[in-house]
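Visitor: Quick check, what structure comes out for this input:
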Amino acid sequence: MITFTLNGKQVEAEEGSTILEVAQDYNVKIPTLCNHKALEPAGLCRLCTVELFDGRRTRFVTACNYPVWEDMEVKTHSEDVIGHRKMIVELLLARCPNNEFVKGLAAEFGVEAPRFKLGDDDCVLCGLCVRMCAERMGVSAISMTGRGTDMRVETPFQVKSDICQVCGACESVCPTGRIDVRKIAKYEPRPLVSDWDVGLKERGAIYMPFPQAVPLAAVIDSEACAHIRTGNCGVCKEFCEAGAIDLDQKEEIIEVEVGSIILATGYDLMDTTPMKQYGYGVYPNVFTSLEFERLSNATGPTGGNILMRNGNGELTRPPESVAILHCIGSRDENYHKYCSRVCCMYALKYAHLIKEKVGHKTPVYNFYIDLRCFGKGYEEFYRRCQEEGTIFIRGRPSEITDQALTPKEEGKLIVIGEDTLMNRPCRVAVDMVVLCAAMEARKDTAEVARIFGIIQGADGFFSEQHPKLAPLNTAMGGIFLAGACQGPKDIPDTVAQASGAAARALELAIRGTVEIPSTIAWIDPDVCEGCMTCIKVCDYSAIEFDQQRGVSVVNQTLCNGCGSCVSNCPSKAAHVWQFSEGQILTEFDGIMEGLQAVGM
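Guide: Prediction:
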């Protein structure tokens with residue numbers, strides 16, 4: 001350990017440490033522009049200059065790259081040091097008089113107006129971007145050129161670089177926001193958008209999936225990570241104090257033997273882009289219900305503030321009026337015939353939130369077909385929204401346009417439709433439109449159903465074994481359904497079904513055995529011709545082909561006794577236990593004899 005004096009106090013430090021590192025350990029603030037933990041110290045900005053006394057004379061050194069040694073005396077805030085820093089800040093303010101970062105730095109040091117000729121630059125020449133590109137990314141797509149007041153950061157020959165990886169590392173470390181990777185790279189950068197925020201917010205290559213994620217841990221996007229793609233960077237691993245990042249970890253598939261499975265794969269929100277009449281994707285302030293949900297949520301991209309997009313796509317100001325359109329894609333012969341069940345109630349919730357957050361005088365229009373407020377307390381909430389001043393118009397709008405017919409409609413979205421209660425057409429000009437899009441089965445539902453041997457309904461969702469007697473079960477024993485993968489449902493119904501599915505799975509685990517129905521199929525090997533028709537028609541993958549014997553064999557554990565193989569077998573080799581043709585005919589004869597005995 002090395003002992004020296006820091007601002008009049010004796011301190012200890014590891015050999016090889018810099019003055020800046022020791023000062024940070026002792027909570028002594030030394031300003032710096034060019035120092036970054038991911039880079040080698042360079043002392044370019046000179047803002048970290050401190051006063052050093054070596055026993056004979058006093059001199060000034062840069063704290064970020066000057067090592068400590070025994071019995072040295074360091075002053076970080078002497079009068080000369082502060083004067084030196086003020087001069088540097090004054091020069092920076094003269095170079096970048098309009099930059100907010102530099103103005104904030106000048107205010108911190110009490111520099112009001114520079115005494116030098118003003119420039120119009122945004123770069124403070126800290127060199128962070130150049131060093132990050134060279135040291136960590138191994139590219140050197142940008143560099144410092146020129147001398148004196150003409151020095152600047154740019155690409156070679158002032159042309160867009162074809163070696164730039166468009167990683168954005170230079171942009172991320174720039175303190176003034178001057179670096180724009182679009183002006184550096186030859187290729188257009190691909191923004192990484194947050195799936196949790198439905199594309200309303202960008203994210204980094206390493207991010208938290210969502211606030212309530214289980215486990216609550218960050219994930220790395222392997223397609224965007226510069227280290228995984230190029231072998232360079234790796235900054236995150238050095239910054240992680242817990243040592244939790246392993247950049248060499250590979251994806252692995254883990255096989256687990258289980259006694260039961262609960263499918264809770266959820267749903268997809270219908271893409272309303274093909275419904276051209278509603279202008280989603282054309283007009284920036286036409287939002288889907290899920291996008292509005294994130295806007296109004298406190299953990300969303302706007303912190304819960306309901307804001308509209310401006311001409312640049314930025315969320316800036318609240319709307320003065322809003323239209324909420326129900327049943328977009330639901331109860332529609334061209335898309336989904338079924339009702340999505342949840343739309344009416346969350347549309348009422350949105351109306352209430354707009355009144356609460358934007359203002360009670362904000363006009364909110366609900367265009368509906370029928371309001372289906374079926375749950376506990378739902379009808380009361382509907383009446384509350386009416387009392388708050390929400391305007392309800394019965395009728396599905398035919399079009400959303402921005403073509404104004406009157407001066408009041410200029411700059412607005414116009415919802416064109418019909419009020420079927422008043423029996424007249426209507427045009428409503430609003431600032432924002434929310435589309436209550438349909439809930440639909442996930443795109444991979446068919447593949448999941450094939451893997452687990454369960455059935456899809458006509459609406460695309462998983463089918464239960466019986467809608468009333470076995471709503472949690474599937475036709476495949478030991479596999480249960482929970483949530484919206486079975487069909488549209490709201491949160492209380494989903495929670496209740498999930499609890500029931502967990503109880504059924506626990507029941508199997510406690511019992512330890514599974515009962516097989518007596519009415520299962522079997523194939524007579526003496527009659528089977530090996531055509532494998534039964535294998536093709538079996539929905540439960542319960543029939544296999546015995547290559548050695550050349551016949552089909554039923555797996556009695558998987559068979560559910562549906563009889564599909566029996567009805568499709570061309571050689572009549574497939575049968576169902578307890579339901580042979582002779583047994584069925586005998587039962588039929590018994591029924592007829594009973595009817596004759598009573599005179600029928």
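
Visitor: going forward, measure contacts and count neighbours with C-alpha atoms only.
Guide: Will do.

Visitor: Surely V495 is in a helix?
Guide: Yes - remark: V495 belongs to a helix, assigned using DSSP: H, G, I helix; E, B strand; the rest coil.

Visitor: burial count for it?
Guide: 13 (other Cα atoms under 10 Å).

Visitor: contacting residues around the residue lying closest to it once chain neighbours are set aside?
Guide: Closest residue to V495 apart from its sequence neighbours, by Cα to Cα, 6 or more residues apart in numbering: G483 at 7.4 Å. Applying Cα atoms under 8 Å, 6 or more residues apart in numbering to G483 gives the contacts A264, T265, G266, K489, D493, T494, V495, Q497, A498.

Visitor: ditto for S17
Guide: P67, V68.

Visitor: those helices in the stretch 351-500 of the chain, which residues are they?
Guide: Along the stretch 351-500 of the chain, counting by DSSP state H, counting those that start in this stretch, helices occupy 378-388, 445-452, 491-511.

Visitor: so which of those helices comes closest to P471?
Guide: helix 491-511 (8.6 Å; Cα to Cα).

Visitor: C-terminal to the closest one, what's the next element?
Guide: Tracing the chain C-terminally past helix 491-511 and defining elements by DSSP states H and E, one meets strand 521-523 next.

Visitor: List the buried residues in the helix or strand just after that following strand.
Guide: Once strand 521-523 ends, the next helix or strand along the chain (criterion: DSSP H and E) is helix 533-537. By neighbour count with 16 or more other Cα atoms under 10 Å, helix 533-537 contains the buried residues C534, I535.

Visitor: Output the contacting helices and strands for helix 533-537.
Guide: strand 543-546, helix 564-568 (3 or more Cα pairs under 8 Å, 6 or more residues apart in numbering; DSSP states H and E).

Visitor: Of these, which stretch is the most buried?
Guide: helix 564-568 (a mean of 18; mean count of other Cα atoms under 10 Å).

Visitor: Go ahead and measure how far it is from the middle of the chain.
Guide: 46 Å (Cα atoms, centre = their mean, to the nearest Å).

Visitor: quick revisit: only whichever of the contacts of G483 are buried, select them in ChimeraX.
Guide: To isolate the buried members of the contacts of G483 in ChimeraX, using 16+ other Cα under 10 Å:
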select :264,265,266,489,494,497,498
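
Visitor: mind putting the contacts of G483 in TSV, distance to A185 and pLDDT included?
Guide: Conversion of these to TSV gives the following (distance: Cα to Cα, whole Å; pLDDT from 0 to 100):
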residue	distance to A185	pLDDT
A264	43	96
T265	40	96
G266	40	96
K489	47	94
D493	51	94
T494	48	96
V495	49	96
Q497	52	96
A498	50	96
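
Visitor: Next, give me the two most distant ones among the contacts of G483.
Guide: T265 and D493 (15.4 Å).

Visitor: Could you measure from I2 over to A597?
Guide: 112 Å (Cα to Cα, to the nearest Å).

Visitor: helix or strand right after the strand or helix carrying T3?
Guide: Per DSSP H and E: T3 is located in strand 2-6. Next in sequence after strand 2-6, counting helices and strands by DSSP H and E, comes strand 9-13.

Visitor: And that next one, what does it pack against?
Guide: Checking 3+ Cα pairs under 8 Å, 6+ apart, strand 9-13 ends up next to strand 2-6.

Visitor: now the strand it packs on: how far from the chain's centre is it?
Guide: Distance of strand 2-6 from its chain centroid, counting by Cα atoms, centre = their mean, is 50 Å.

Visitor: Quick one: mean pLDDT over that strand.
Guide: Confidence over strand 2-6 (mean pLDDT, whole number) is 93.

Visitor: List the strands paired with it, with their directions.
Guide: With DSSP bridges as the test, strand 2-6 is paired with strand 9-13 (antiparallel), strand 73-75 (parallel).

Visitor: Which one's more surrounded, I2 and A597?
Guide: Higher neighbour count among I2 and A597: I2, with 15 against 9, using other Cα under 10 Å.

Visitor: For E21, the count of nearby residues, please.
Guide: By other Cα under 10 Å, neighbour count at E21 equals 20.

Visitor: Same question for S260.
Guide: 16.

Visitor: Excluding residues flanking it in the chain, which one is nearest it?
Guide: Nearest to S260 is G478, by Cα to Cα, 6+ apart, at 4.7 Å.

Visitor: show me what contacts the one you found?
Guide: Here G478 is in contact with G259, S260, I261, A505, L508 (Cα under 8 Å, 6+ apart).

Visitor: Got the confidence number for the closest residue to S289 other than its chain neighbours?
Guide: Spatially, and ignoring its direct neighbours in sequence, S289 is nearest to C436 (5.0 Å; Cα to Cα, 6+ apart). pLDDT for C436: 97.

Visitor: Contacts only, for C436.
Guide: T288, S289, I324, L325, H326, C327, I328, C343, A347.
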